[in-house]
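1. coordinates only, no sequence provided:
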């Protein structure tokens, strides 16, 4: 694209570096900002710079927080002995939305992915193993996505915990509530049969 | 969505104010920035603030430019007597890419749209009429989109020019090059028959 202005070209380039945003979308977003009051752009820029510069991570679970300990870790009503291992803050938000989990979290910050250059040393695995060694945690729930990277990460952590007395579990895979059996993929349907639960258990709504 | 951090919530809110970007996409973009070096965020923020603060518009055609006159208006080889009326810079870029237009542009900055609160006074129509009155312009080409708003804008300008000796034309509507007749809509196909061109003319590749 040939731009009539270096400033415009530069802004479009920077916006198009964001994932999933191409040059055309970037141009549309930038032209939108030009039509808005200048304060909108300033607010946007300030919020991003503030976030990037002042962001803190909870020193216990490594979730994004504004304080040293996040709200969940600081809450004495949450169960210290049950820890859910997740990839990032979006997973924490999704699980919190269910209202079904009363334990704490451990945010890894990603999955082991040699393709993207992410190794175990780039994730918060060491601190998880340390925490488990302290003996407070009774059960770890692996809630990573069921991709090759997720499975690799689960298995890596599992191996690191060998010899430590802690229960490990993984979230149930199965047919989604409300889904039709005929449209489910074989792996999911197979797992939902293998890991069937007692009928009374399925009625639980705690 | 419940965020564990005010900074994060604020950044996601600001990003989600952009058109076509919802809360989930905004969160994804913001988390991406958090994983990148801090300089990426600074560059992005600076480019946007710079653009918004220092942007200039060509004083002749109102296109975005870094100088008082844009490159096209400052180019003595372009034809002063032929002016193409477009909505915004994207249309200028699209027409420039064809390499078929040697005249100049007039960028209105939008279309008349009562629904969005855009009236003639919000567009650069007055300065266009003034320019035409100076007598240098021989032909105006309306190249607005063929929507109700575009047609309204064309017609409004046309009425403003009543009594002034200037030729007005509009870009040809018809079947796109390479398209199949059977899939064309009736209006387009009808227009392409009504406004048929001499066969020799259609071979022109100037």
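-> Nice, I can see it. As the structure is a computational prediction, the values presented were derived from the model and not from experiment. Numbers count the residues shown, from 1 in each chain, chains lettered A, B, ... in the order given.

2. chain A - how does it break down into domains?
-> Under the assignment automatic domain parsing, the domains of chain A span A:6-54, A:77-171.

3. export those to a markdown table and tack on mean neighbour count, mean pLDDT and distance to chain B?
-> (Each C-beta comes from the backbone N, C-alpha and C, glycine too.) Listed next are those as a markdown table, based on neighbours: other C-beta atoms under 10 Å in any protein chain shown; pLDDT from 0 to 100; distance: least, C-beta to the nearest C-beta, whole Å:
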| stretch | mean neighbour count | mean pLDDT | distance to chain B |
| --- | --- | --- | --- |
| domain A:6-54 | 18 | 93 | 4 |
| domain A:77-171 | 16 | 92 | 6 |
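
4. tell me which of these lies nearest to residue B:52.
-> For residue B:52, the closest of the domains of chain A is domain A:6-54, at 4.0 Å, according to C-beta to C-beta.

5. now the closest one, how far from the chain's geometric center?
-> Its chain's C-alpha centre and that of domain A:6-54 lie 25 Å apart, by C-alpha atoms, centre = their mean, to the nearest Å.

6. ends of it, how far apart?
-> One end of domain A:6-54 to the other measures 30 Å (C-alpha to C-alpha, to the nearest Å).

7. and stretch A:111-131, by the same measure?
-> First-to-last distance for stretch A:111-131 - C-alpha to C-alpha - comes to 19 Å.

8. what comes into contact with it?
-> A:60, A:62, A:83, A:85, A:87, A:106-110, A:137, A:140, A:144-145, A:147, A:149-150, A:152-153, A:156-157, A:160-161, A:164 (C-beta atoms under 8 Å, 6 or more residues apart in numbering or on different chains).

9. quick one, longest helix in chain A?
-> Scanning chain A for the helix with the most residues, using DSSP state H, yields helix A:38-54.

10. and the angle from that helix to helix B:38-54?
-> Angle, helix A:38-54 to helix B:38-54, by axes from the mean of the first three to the mean of the last three C-alpha atoms, to 10 degrees: 160 degrees.

11. Provide a list of residues in contact with residue A:51.
-> With C-beta under 8 Å, 6+ apart, residue A:51 has these contacts: B:7, B:8, B:10, B:11, B:30, B:33, B:34, B:41.

12. again, only using 6 Å
-> B:7, B:11 (C-beta atoms under 6 Å, 6 or more residues apart in numbering or on different chains).

13. sorry, back to before: from the contacts of stretch A:111-131, which land in helices?
-> With helices defined by DSSP H, the entries of those inside them are A:149, A:150, A:152, A:153, A:156, A:157, A:160.

14. quick check on the residue nearest the centre of chain A: phi, psi?
-> In chain A, the centroid-proximal residue (C-alpha atoms, centre = their mean) is residue A:88; its distance is 2.3 Å. Backbone dihedrals for residue A:88, given as degrees, to the nearest 10, come out at phi -150, psi -180.

15. repeat that for the one 3 residues further on.
-> Dihedral angles of residue A:91 (phi, psi; degrees, to the nearest 10) stand at phi -70, psi -40.

16. where's the spatially closest residue to it that is not a sequence neighbour relative to residue B:124, distance?
-> Excluding its sequence neighbours, the residue lying closest to residue A:91 (C-beta to C-beta, 6 or more residues apart in numbering or on different chains) is residue A:143, at 6.3 Å. For residue A:143, the distance to residue B:124 equals 56 Å [C-beta to C-beta, to the nearest Å].

17. same check on residue A:131?
-> Per C-beta to C-beta, residue A:131 is found 63 Å from residue B:124.

18. same question, residue A:160
-> In terms of C-beta to C-beta, residue A:160 sits 66 Å off from residue B:124.

19. give me the contact list for stretch A:184-198.
-> Contacts of stretch A:184-198 (C-beta under 6 Å, 6+ apart): A:173, A:174, A:175.

20. neighbours of the second one, just the number please.
-> Spelled out, that is residue A:174. Counted with other C-beta atoms under 10 Å in any protein chain shown, residues neighbouring residue A:174 total 18.

21. against which helices or strands is the strand ranked longest in chain A packed?
-> If you go by DSSP state E, chain A has its longest strand at strand A:79-86. If contacts are counted by 3 or more C-beta pairs under 6 Å, 6 or more residues apart in numbering or on different chains; DSSP states H and E, strand A:79-86 sits against strand A:103-107, strand A:139-142.

22. mind running it again at 8 Å?
-> Contacts defined by 3 or more C-beta pairs under 8 Å, 6 or more residues apart in numbering or on different chains; DSSP states H and E place strand A:79-86 against helix A:89-98, strand A:103-107, strand A:139-142.

23. neighbouring strands of the last one in the sheet, and parallel or not?
-> Right, the one you point to is strand A:139-142. strand A:79-86 (parallel), strand A:167-170 (parallel) (DSSP bridges).

24. how big is the angle separating the first one from helix A:148-160?
-> It refers to strand A:79-86. 140 degrees.

25. list the contacts of strand A:79-86.
-> Identification of contacts with strand A:79-86 by C-beta under 8 Å, 6+ apart yields A:92, A:95, A:101-108, A:128, A:131, A:136-144, A:157.

26. ok, back up a step: now the strands paired with strand A:139-142 in TSV, with distance to residue A:1?
-> TSV is the format used below for the strands paired with strand A:139-142 (distance: least, C-beta to C-beta, whole Å):
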stretch	distance to residue A:1
strand A:79-86	40
strand A:167-170	47
